[in-house]
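K.L.:
the following comprises the amino acid sequence and a computationally predicted model.
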Amino acid sequence: MEKSCTLLVHFDKGSPAMANEIKEALEGSNVEGKIDALKKAIMLLLNGETLPQLFITIVRYVLPSEDHTVQKLLLFYLEIIDKTDARGRVLPEMILICQNLRNNLQHPNEYIRGVTLRFLCRLSEPEILEPLVPSVLNNLEHRHPFIRRHALLAIAAIYRLPQIGEQLLPDAPELVEKALSSEQDVSARRNAFLMLSTCAQSRAVTYLLSQADHVPDWGDLLQMAALDLIRKVCRSNPAEKGKYIKIIISLLNCPSAAVVYECASTLVSLSSAPTAIRAAANTYCQLLLSQSDNNVKLIVLDRLNELKTSHREIMMEMIMDVLRALSSPNLDIRRKTLDIALDLITSRNIDEVVLTLKKEVVKTQSTEIEKNGEYRQMLVQAIHSCAIKFPEVASTVVHLLMDFLGDSNVASAIDVALFVREIIETNPKLRVSIITRLLDTFYQIRAARVCSCALWIIGEYCLSLSEVESGIATIKQCLGDLPFYTATEEREAADASKKPQQVNSSATVSSRRPVVLADGTYATQSAASETALSAPTVLPGSLASPGNLRALILSGDFFVGAVIACTLTKLVLRLEEVQPSKTEANKACTGALLIMTSMLQLGQSSFLPHPIDNDSYDRMVLCIRLLCNTGDEVRKIWLQSCRQSFVKMLAEKQFRETEEIKAKAQISHAQPDDLIDFYHLKSRKGMSQLELEDEVQDDLKRATGEFVKDGDDANKLNRILQLTGFSDPVYAEAYVTVHHYDIVLDVTVINRTKETLQNLCLELATMGDLKLVDRPQNYTLAPESSKQIRANIKVSSTETGVIFGNIVYEASNVLERTVVVLNDIHIDIMDYISPATCADVTFRNMWAEFEWENKVAVNTVIQDEKEFLDHIIKSTNMKCLTPLSALDGECGFLAANLYAKSVFGEDALVNISVEKQVDGKLSGYIRIRSKTQGIALSLGDKITLKQKGSS
């Protein structure tokens, strides 16, 4: 049977020592040899060896040694050997040890006394401890604090022993209390206070309240122990928390960061009074600035995030203090800080917040710090969010951000372009200034996607005559002189292509790679790298430094060419409406057609390594036909319908955000027959202002239902699992509670027999990333009685795990131990993942980055695509990122992206692609991607099990 272990030492199994060698070394006179032999003996004992022949040798040759290291190792040896026989009685040879321990407790050397007292903390045999108690008590009055603090530990350990502790030391609490009142050493006082807290709580409380004014002067160890006691007392008796809150607030100005952090956490858990919460929030903000450790900052930000959800009004006042954490260079800290701040923005603090964010953006421009681009992208997204919530601040930030349209960090530049696109639609007053600024800075843009977005804005929002003419002129300027190549250059390019393959491959501009489309399917496109583009070689007859659009087209990016064609088409159509001179309009039209035909000519020539793709070709040809033959219906589609679609998309996005806010705002309310406690009728006698505030907040919480537990009894019954059969001699069932990082099993064991079951033990083992924290102890179970056994299991990753085991016991009339095998407990992945949201771009980036994919074929009796999607969302506890508008209509196809996040911060991505067959059945695939194998496999198993639609 397994035994509890108080000592753990690494053991190299390569060359185990022989018992005879150890014995010879112990009998020798060499101290170094004895030390080495004792270490080997301890390691062998810890790894299951018995070595019974060594005991007498150690008593004869090692006990008399005066060497400190030998004596310390001797105590380790005595700690791990069996001191009792099979029936639990102390072995007779242990009496030999008692005399040595008593001598050590009276030894003139303080170290020997101290380590012996420490050793007594791990003994549980009353026959050994009883003769040593007087010597332990004498050490309470020793002159050296090292011995006094260990004597207090030994007294606490002996007194806590079940059944025998109070018999061995009946007056321990009085002795410790007396020692505490006269003790000066901080560690000794802490040990005494901890003993009173666990064994005589009322005495500890009396001492704490009598010393309430002096608590701030105590050492940090004692202050932590005091806070621990306050939490215990207030948990068992919440009505008395008022007198302790004053002590906690007095500790908030402590020099120790650990004490201050614990004070703030305790204050938040005990009180809801605005004064207390404000004090705790202030403390967290000070820690955020004063601590240099990034892990500490992240933990403090988590605490502030929790405060934000429960005390949002108070946290709104602290928003500027929270934003000071942006001074940290760590991106995770900055991201968390911005997430907290964005939820606390109001019309009162928006100006200050935006000003701070603008300053941070300017800093990213002036300093060359690692990951500056990513930080700038985060700031742009934060400012975007602020401008959408409070449109009046858009005018103060939009022009600053437009300087970053030409940013070398493409992701940041795209975010700026999307921000400008949304602001120009939602803020009509800013339209003219944005268009003017965009046309002035357009030449700086180098990334293809940013160019595409900027061209769309120019095509849609250049409305006046001057704007339209400026737009056409800007595009022409950025395209440079036409044609894009000459006949001589084409011949040179053709000759170069006939050279050996190695030369040709080195000249390739673009590359073919798999790309994930919006619906999650793969496509293969010919695309240039989307970093800041290096300009191609300067062509004869072109500008000295070619424009950005020319550089993109000459690099083979004809998608941008198609966007240029569409933008020119819109500008020419609008020019025909606003230009009174027909001649000027025709002239502009001719110029646009020349540009389009030049791009088509370039795409079909041998000048570039890759010809134009079919989509871009068709788009350009459509634009040419349109300009040659314009109708009213087509004009309406090009000049009005595009923007109407964009407006509709923005409205849907706003609606979704509003619905999410409404869903979060729904809170539970109290029952109609609950007791009403009137604040004005309360007795205020002897209550401080803080205590009154706390009472009021408690009443408010009770009225709004915050004290009501989430899970009802029906939910609890669902979590009870039967572990054994009704006909087994021992019946067991478990109630499983899943917290974030651990699982608690409350196992009820019932003795169904008429006999007493001895040494009953619940033995558990785990499979997967689960780990048993501590082994449940042995119990004796009377006939037809029951016992509650609790087991803790740690979870280290999001993966489906299995807990299995058995119950072992001995009956008085049976010699052998009886084993009852338990049913397996399956831990569901759904307990660890929760729905989450992320941007489309982020989803696609993660999809491309994650290496683990699990592909599950659709196999279901459900015949409706949307019903199947809803069923999968419900079964997997995920969030559908694809907007509802994209899923409307009946077409026989459906593609949707789902996203969830685990409690460990892992991302789970799912793409559903289904098609309705002729016979009405659904076919297709569900693809799961994650960074770790566990989530991909576990989610795949869950979907395979649930997708039939039967459950």
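P.N.:
Happy to help now that I have it.
K.L.:
rest of the way, CA atoms for contacts and neighbours
P.N.:
Fine.
K.L.:
check which helix or strand covers the residue lying farthest from the centre of the chain.
P.N.:
Here the chain reaches farthest from its C-alpha mean at Thr583, the gap being 64.2 Å by CA atoms, centre = their mean. Assigned by DSSP states H and E, Thr583 belongs to helix 582-604.
K.L.:
about what we covered before: quick check: the gap between the residue farthest from the centre of the chain and Gly459.
P.N.:
For Thr583, the distance to Gly459 (CA to CA, to the nearest Å) stands at 21 Å.
K.L.:
also Thr50?
P.N.:
From Thr50 across to Gly459, the span is 87 Å (CA to CA).
K.L.:
with neighbour numbers in mind, choose between those two.
P.N.:
Relative neighbour count places Gly459 above the other of Thr50 and Gly459, with 25 against 13, counting by other CA atoms under 10 Å.
K.L.:
could you confirm the more buried one falls within a helix?
P.N.:
Yes - with DSSP: H, G, I helix; E, B strand; the rest coil as the criterion, Gly459 is part of a helix.
K.L.:
list the contacts for the nearest residue to it once chain neighbours are set aside?
P.N.:
Nearest non-adjacent residue to Gly459, counting by CA to CA, 6 or more residues apart in numbering: Thr567, 4.7 Å away. Applying CA atoms under 8 Å, 6 or more residues apart in numbering, we find Thr567 in contact with 455-456, 458-459.
K.L.:
what about the helices in the stretch 551-700 of the chain?
P.N.:
Assigned by DSSP state H, counting those that start in this stretch, the stretch 551-700 of the chain shows helices spanning 558-578, 582-604, 614-628, 632-636, 642-665, 689-703.
K.L.:
dump the C-alpha coordinates for the shortest one into CSV.
P.N.:
Listed next in CSV are the C-alpha coordinates belonging to helix 632-636 (Å, rounded to 0.1, in the frame of the first residue of the first chain):
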residue,chain,number,x,y,z
ASP,A,632,-28.8,55.0,-66.0
GLU,A,633,-29.3,51.6,-64.3
VAL,A,634,-25.6,50.8,-64.4
ARG,A,635,-24.7,54.3,-63.2
LYS,A,636,-27.0,53.9,-60.2
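K.L.:
residue numbering should commence at 42 henceforth.
P.N.:
Shifting the count to begin at 42 puts that one at helix 673-677.
K.L.:
what residues sit buried inside it?
P.N.:
Arg676 (16 or more other CA atoms under 10 Å).
K.L.:
pLDDT on that helix, on average?
P.N.:
Mean per-residue pLDDT for helix 673-677: 79.
K.L.:
could you do the longest one as well?
P.N.:
Model confidence over helix 683-706, given as mean pLDDT, is 78.
K.L.:
and the third one, by the same measure?
P.N.:
In this model, helix 655-669 carries a mean pLDDT of 89.
K.L.:
next, the angle from it to helix 623-645.
P.N.:
160 degrees (axes from the mean of the first three to the mean of the last three CA atoms, to 10 degrees).
K.L.:
list the helices and strands helix 655-669 packs on?
P.N.:
Secondary-structure packing of helix 655-669 (3 or more CA pairs under 8 Å, 6 or more residues apart in numbering; DSSP states H and E): helix 599-619, helix 623-645.
K.L.:
format those as CSV; extra columns: mean pLDDT and distance to Met236.
P.N.:
Converted to CSV, the helices and strands packed on helix 655-669 look like this (pLDDT from 0 to 100; distance: least, CA to CA, whole Å):
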stretch, mean pLDDT, distance to Met236
helix 599-619, 89, 76
helix 623-645, 88, 85
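K.L.:
out of the ones you listed, deepest packed?
P.N.:
Greatest average neighbour count among those goes to helix 599-619 (a mean of 23), per mean count of other CA atoms under 10 Å.
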